[in-house]
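Novice: Build me a structure from this.
(2 chains)
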Amino acid sequence: MPERLKTYFGDAENEPAQQVSKAVPDPAPEEAGRKKKRSKRKRDQPADEEQPPRNHEPIHKEPVKAPSPVVEKVVPEPAERNGEIVQQQTLSKSQQKPKSTYQSKPKTLDSKTNFSSLREKANNLYEQRKKLPIFGHADEIRQKLRDQDVMLLVGETGSGKSTQIPQFLVNEFWCRPTDTKITKKDGSEKLVKVGGCIAITQPRRVAAITLARRVAEEMGTPLGSSSPAILRVKFLTEGMLLQEMLHDPWLTKYSAIVVDEVHERGVNVDLVTGFLRNLVSGNKEGRGGVPLKVVVMSATADMESLQGFFQEGFKLEVEEQKRIQNGSAKAEKEDEKVKDISVCHIKGRQFPVKTIYSPEPVHDFVDAALKVIFQIHYKEPMPGDILVFLTGQETVEALEHLVNEYAIGMDPGLPKILVLPLFAALPQAAQQRVFMPAPPRTRKIVLSTNIAETSVTVSGVRFVVDCGKAKVKQFRSRLGLDSLLVKPISKSAAIQRKGRAGREAAGQCFRLYTEKDYLTLDETNTPEILRCDLSQALLNMKARGVDDIVRFPFLTRPPRETLEKALLQLLNIQALDDTGSISKIGQHIAKLPLTPTLGRVLLAAAEHGGDCLTDVIDIISCLSVENIFLNANSEEKKEAAETARRDLYRREGDHLTMLATVRAYAAENADRKAWAERHLVSHRAMQSVMDVRKQLRTQCRQAKMLPADQRNDHFPDPSPILILQSFLGGFATNTARLVPDGSYRTVVGNQTVAIHPSSVLFGKKVEAIMYNEFVFTNRTYARGVSAVQMDWVGEALAASG
DNA sequence: GAGCACTGC
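Specialist: Take a look at the predicted model:
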């Protein structure tokens, strides 16, 4: 082992790694035993209280218009282990998107043989399900939810909660649709079906699809919109549930909502929990009094705040009841409920992972990681891949070069190493390499950003190296500035990273920080609602009839200043009127899958006619997905791409360059993928662009903003002035003017801002610029930049008041 | 001269 790489975590002499690995129990015999048992039991009939899956009869015999499909067979067959889904892969956004055209009528549905093969598969899976840690808790969980409407569940990784909970509940008596009288606003009564369906929300689309597929298999039903099961169990993202609530604020389709992975605390989950608290503790008038059951599930034990959160809701309700009924019997009964929001803990199924801390604080974690990687590789037996958590593409690539460099001088008798970078901006093919097993006598070393913490599971990993840091986006509302800074992770993130070493066998986690430092970390991640621009969240709430934002039950209340800033922003784009109520414009924007600002631009463009709107939709689609332009990692490639891209560049700036790119991509009918590669454009990003574009076009046609018969090949010359002026309709405050010293200063706030190097206007000097984003990394940058005239800016600012 | 991760009909 090279001298330089020795001793990061103590000398080889002092802490022989061989001993460490021997100290770890060998899981192999246990595994073998389990397998044997499984195959024996397969022949037996299940004896448990839980019935094996049957073909679920559709509840509604008459044809029912299926809800939008959530699932589609696009996910690679998940490798199953211990009855648990272990493979989550990043799919391109377009692959992830359910396409309603895909499975209008699966051919298999009429075939009896197919149903029986589905049943057979389900029966086999049932044996695995019974072994999940959660399975023995089924009755307890059912009983609790019969008694109360809210349950909290802590389920560690591998407990099986996401797949089993819906199946435990779906045949409960309270989960049947009930014919219910609902009093409408005008006083008339209507008979409607309430309930019957269970929704399970996930933070990510891939997870929703993977889980839906798995549960369909376990239940022995076909997957998708035509499956009878879709009427009962539905996996969707938090955002999709919010979108459904726009049309059905009382969630009348559902008997229960299961909120999964709440510990990740994205903005949407905070909104969902707030709305659900109002639904479970209010008078349920919109549901005709039919209760809604809510299960909130988390992988981390921090449940006290959630418990308090829902109890507070019931307490307020009881107070309200008491006030109205003056302490009647009903209110007393409700009082009991308050005391009784139970928390259910389910152990996970993980192999033990030994934690090894750095004895000294680490200054350069790339260098430290390099040493640890080789220490592991020299001392630990195969197999056992290494997963290294770093902060970003830059550190990933730096370490990649270093490891490859050192590997050249490695003892040739040692196993080979294969270094694989992993980050979201990586082209699809390169990402896929991470999932392939390493060749024989080769150790895989995956150098990853946060993407491997939650979104992607790499198999074969037994060693995790954790630098203890991550890049975090933080919105500073006062400056309207997003900063992307390297920050220490939380304890729960550190635990999550460590857990990645124990998915398949006992593992080790090397933390590139001291134990003392670990103890000073925050317990949990900062909820996103404290870190981001809230204008979209607020508009969502306003569109759902929440007039008093201050009284909305936030799981974590954002600072007043952030809320005020967001309200001001919505006022500026006329999404709210002077009284703070949502305007017609706001109603319209809330239905678009866009930030309020981009939504406003779309409406502004519509005033300039269909051609302008069509062009603006193309640009907005680019701005609302990840970066469409890739970066070459070699000079050679870069030059080739620059040449190929030249015909796409527009001197007006990035907005029109994006338009040219979308048009060229859309016009390419032969091989779009090859076109994208030639131009060093991300094919994956462009697929998402085309999806968003299609959605927006459809919505605009429905709103009569675009003619119904418009065709894709209708391409008149764009009008840059109208396009950029439309953008100023939303981005008037995202502008800067050139000052005599050659730098740019923001028109509002007079902040210095530099054009981002990725912009086509980088290094150029124009009278004024309009930008899509204002970000701080090493300095303040404007990203997504176009040249504008100061008098347009003045007009736009005056128009927005 | 530079790009944490997600999401939305």
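
Novice: from here on, contacts and neighbour counts on C-alpha atoms
Specialist: Will do.

Novice: low-scoring pLDDT stretches of the stretch 1-150 of chain A, where are they?
Specialist: Applying pLDDT under 70 to the stretch 1-150 of chain A picks out residues A:1-113.

Novice: how does it look with 50?
Specialist: Residues of the stretch 1-150 of chain A that meet the criterion pLDDT under 50 lie in A:7, A:10-111.

Novice: residues from the stretch 401-550 of chain A in reach of DNA strand B?
Specialist: Within the stretch 401-550 of chain A, the positions adjacent to DNA strand B are A:422-425, A:449-451, A:455, A:470-473, A:484 by Cα under 7 Å from any atom of the strand.

Novice: quick one, helices of the stretch 551-700 of chain A?
Specialist: Here the stretch 551-700 of chain A has its helices, by DSSP state H, counting those that start in this stretch, at A:560-572, A:584-590, A:596-606, A:610-623, A:635-645, A:654-667, A:672-678, A:683-702.

Novice: and those helices, which one's lowest on average pLDDT?
Specialist: Mean pLDDT per stretch puts helix A:635-645 lowest among those, at a mean of 81.

Novice: can you give me the angle that one makes with helix A:654-667?
Specialist: 80 degrees (axes from the mean of the first three to the mean of the last three Cα atoms, to 10 degrees).

Novice: any idea how far the spatially closest residue to A:Ala660 that is not a sequence neighbour lies from A:Val681?
Specialist: Closest residue to A:Ala660 apart from its sequence neighbours, by Cα to Cα, 6 or more residues apart in numbering: A:Leu648 at 5.5 Å. Separation of A:Leu648 from A:Val681 (Cα to Cα, to the nearest Å) stands at 11 Å.

Novice: got it, and A:Arg214?
Specialist: 34 Å.

Novice: swap in A:Ala736?
Specialist: Taking Cα to Cα, one finds A:Ala736 at 28 Å from A:Val681.

Novice: Between these two, which has more neighbouring residues?
Specialist: Neighbour count, other Cα atoms under 10 Å: between A:Ala736 and A:Val681, A:Ala736 has more, with 29 against 23.

Novice: Can you say which helix or strand has the more buried one in it?
Specialist: Taking DSSP states H and E as the definition, A:Ala736 sits inside strand A:735-738.

Novice: helices or strands up against that strand?
Specialist: Strand A:735-738 is packed against strand A:744-746, strand A:768-776, with contacts defined by 3 or more Cα pairs under 8 Å, 6 or more residues apart in numbering; DSSP states H and E.

Novice: Please save the CA atoms from the longest one in PDB.
Specialist: I take that to be strand A:768-776. C-alpha atoms of strand A:768-776 as PDB (Å, rounded to 0.1, in the frame of the first residue of the first chain):
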ATOM      1  CA  ALA A 768     -29.600  45.200 -19.300                       C
ATOM      2  CA  ILE A 769     -30.200  41.500 -18.600                       C
ATOM      3  CA  MET A 770     -33.100  39.500 -17.400                       C
ATOM      4  CA  TYR A 771     -32.400  36.200 -15.700                       C
ATOM      5  CA  ASN A 772     -34.200  33.100 -14.600                       C
ATOM      6  CA  GLU A 773     -32.300  32.500 -11.400                       C
ATOM      7  CA  PHE A 774     -30.100  34.400  -9.000                       C
ATOM      8  CA  VAL A 775     -27.800  32.000  -7.300                       C
ATOM      9  CA  PHE A 776     -24.900  32.200  -4.900                       C
END
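
Novice: Test my guess that A:Thr442 contacts A:Gly413.
Specialist: No. Using Cα atoms under 8 Å, A:Thr442 makes no contact with A:Gly413, being 11.7 Å away.

Novice: Compare the two (neighbour count), which wins?
Specialist: Taking other Cα under 10 Å, A:Thr442 and A:Gly413 do not tie; A:Thr442 has more neighbours (17 against 6).

Novice: Distance of the more buried one relative to A:Phe435?
Specialist: 14 Å.

Novice: Regarding stretch A:669-686, how distant is the last residue from the first?
Specialist: 14 Å.

Novice: What residues sit buried inside it?
Specialist: A:672-673, A:675-676, A:678-686 (16 or more other Cα atoms under 10 Å).

Novice: Name the nearest of those residues relative to A:Val170.
Specialist: Comparing the buried residues of stretch A:669-686 against A:Val170 with Cα to Cα places A:Arg684 closest, at 37.0 Å.

Novice: Nearest to the spatial middle of chain A, which residue is it?
Specialist: A:Arg204 (3.6 Å; Cα atoms, centre = their mean).

Novice: Hmm, A:Met240 and it touching each other?
Specialist: No. Shown here, A:Arg204 and A:Met240 do not form a contact pair, counting by Cα under 8 Å, at 10.6 Å.

Novice: Domain-wise, how is chain A divided?
Specialist: A:3-25+A:351-529, A:49-346, A:592-716, A:732-801 (automatic domain parsing).

Novice: Check which residues of the helix ranked longest in chain A are buried.
Specialist: Longest helix in chain A by number of residues, with DSSP state H as the criterion: helix A:304-325. Buried residues in helix A:304-325, defined by neighbour count with 16+ other Cα under 10 Å: A:306-307, A:309-315, A:317-319, A:321-322.

Novice: quick one: which of those residues is nearest to A:Asn778?
Specialist: The closest of the buried residues of helix A:304-325, once distances to A:Asn778 are taken by Cα to Cα, is A:Leu306, at 37.3 Å.

Novice: Would you point to the one among the helices and strands packed on strand A:735-738 that's packed deepest?
Specialist: Comparing these by mean neighbour count (mean count of other Cα atoms under 10 Å), strand A:768-776 comes out on top with a mean of 23.

Novice: Give me the angle between that one and helix A:654-667.
Specialist: Using the same axes, to 10 degrees: strand A:768-776 against helix A:654-667 is 90 degrees.

Novice: Packing partners of strand A:768-776?
Specialist: Counting by 3+ Cα pairs under 8 Å, 6+ apart, the packing neighbours recorded for strand A:768-776 are strand A:481-488, helix A:720-731, strand A:735-738, strand A:780-788.
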